[in-house]
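S.K.: Would you be able to build a 3D model of this:
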Amino acid sequence: MSPALPAALVAELSTLLGAEGWRMDDSALEANAQDNSWRRQRPAAVALPADVEQVQALVHACRAHGVALVARGAGTGTTGAAVPQPGSIVLSFTRMDRIIEIRAGDRCAVVQPGVLNGTLQQALAPHGLF
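M.R.: This is a model prediction of the structure:
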């Protein structure tokens, strides 16, 4: 069982992220408890920011309360890097999934951290890139 989060932090993040972006229900905690490493630890909560400003506010709030954040893209890694610590918050980037820019001539793509590899591959294919 994870330690409880400070009530002031829960209130602050609930207001900041709203119902879609702040989850403490069993289904969200279970879905973010492991990656492909099969290591397992339920987080205390899951934050799903929609933009950079929300990420910054989330980081500041967690730092002020001494609560660890564990960043998670698609959560398919095999290193255990997306497995939460007890009492931590998973910072899920699934709502930040935009391809911002593709500069084919520079072989450069600027993407948000929640972009799936397959989605990027599809966007690059018309440019002859992968």
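S.K.: In contact with G128, which residues are there?
M.R.: In this structure, G128 makes contact with A104, judged by C-beta atoms under 8 Å, 6 or more residues apart in numbering. In this view, the C-beta of every residue, glycine as well, is placed from N, C-alpha and C.
S.K.: show me the contacts for the most centrally placed residue in the chain.
M.R.: Relative to the mean C-alpha position of the chain, the nearest C-alpha, by C-alpha atoms, centre = their mean, is the one of S92, at 1.6 Å. With contacts defined as C-beta under 8 Å, 6+ apart, S92 is in contact with 32, 46-48, 72, 75, 114.
S.K.: Same question for L69.
M.R.: L69 sits in contact with 47, 58-59, 62, 88-91, where contact means C-beta under 8 Å, 6+ apart.
S.K.: From these, list the buried ones, please.
M.R.: Neighbour counting over the contacts of L69 (16 or more other C-beta atoms under 10 Å) leaves 47, 58, 62, 88-91 as the buried ones.
S.K.: Out of these, flag the one nearest to A28.
M.R.: Here the nearest of those to A28, counting by C-beta to C-beta, is V90; it sits at 8.6 Å.
S.K.: Please name the nearest non-neighbouring residue to L16.
M.R.: With C-beta to C-beta, 6 or more residues apart in numbering as the measure, A57 is the residue that lies nearest to L16, at 5.5 Å, once sequence neighbours are left out.
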